[in-house]
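Participant: Make a model of this:
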Amino acid sequence: MKRRTAREKALQALYQIEVSKAAADEAIENVLDGDEPDDYLTFLINGVVTHQSEIDASIEKHLQKWRLSRLSVVDRNLLRLAAFELLHSESVPSNVVLNEAIEIAKIYGDDNSSKFINGVLSNLKQNTEEGES
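Facilitator: All right, here's what the predicted structure looks like:
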């Protein structure tokens, strides 16, 4: 599975976990629709679920005049997914994480999602590179 596909499936699974309170394993099974589980997909979902408090705190610091709870479910989980990759995946360059999140936001978010996601993640990326989060 391509990493872009893994990210899209991870977003779908995280959406299910939040909205329907599905367990991570159940959400993964649902989005795979009979396909074999992918290591990167599993890494992303389990990572976001495991580190959600830390990730949410990092995102909150970079939201200007917004609260995480006010964001759409798609935007919130896409930010979580990308923030997890920025904070915990050294194998993916940060610019790739940002570009992928922006492109996925164009597909699954609303008209303003990609710009909003870009702004928040750019700030998070800059602070992460400066040793903050």
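
Participant: which parts of the helix or strand containing residue 27 are buried?
Facilitator: In the assignment (DSSP states H and E), residue 27 maps to helix 24-32. If you call a residue buried by 16 or more other CB atoms under 10 Å, then helix 24-32 has these buried ones: 24, 27, 28, 31, 32. To be clear about C-beta, it is placed using only N, CA and C from the backbone, and glycine gets the same treatment.

Participant: how about the helix or strand following it: buried residues?
Facilitator: Per DSSP H and E, helix 24-32 leads on to helix 39-50 as the next helix or strand towards the C-terminus. Within helix 39-50, the residues that qualify as buried are 40, 41, 42, 43, 44, 45, 47, 48, 49, counting by 16+ other CB under 10 Å.

Participant: Which of these sits closest to residue 129?
Facilitator: The shortest approach to residue 129 among those belongs to residue 47, at 19.7 Å (CB to CB).

Participant: got a list of what that closest one touches?
Facilitator: 84, 88, 89 (CB atoms under 8 Å, 6 or more residues apart in numbering).

Participant: let's go with 10 Å and repeat that
Facilitator: Going by CB atoms under 10 Å, 6 or more residues apart in numbering, residue 47 touches 10, 55, 80, 81, 84, 85, 87, 88, 89.

Participant: And residue 116, by the same measure?
Facilitator: Listed by CB under 10 Å, 6+ apart, the contact set of residue 116 reads 63, 66, 71, 72, 75, 78, 79, 102, 105, 109, 110.

Participant: Just give me the neighbour total for the nearest residue to the last one once chain neighbours are set aside.
Facilitator: Counting by CB to CB, 6 or more residues apart in numbering, residue 72 is the residue found nearest to residue 110 once chain neighbours are left out, at 7.0 Å. Per other CB atoms under 10 Å, the neighbour tally for residue 72 reads 13.
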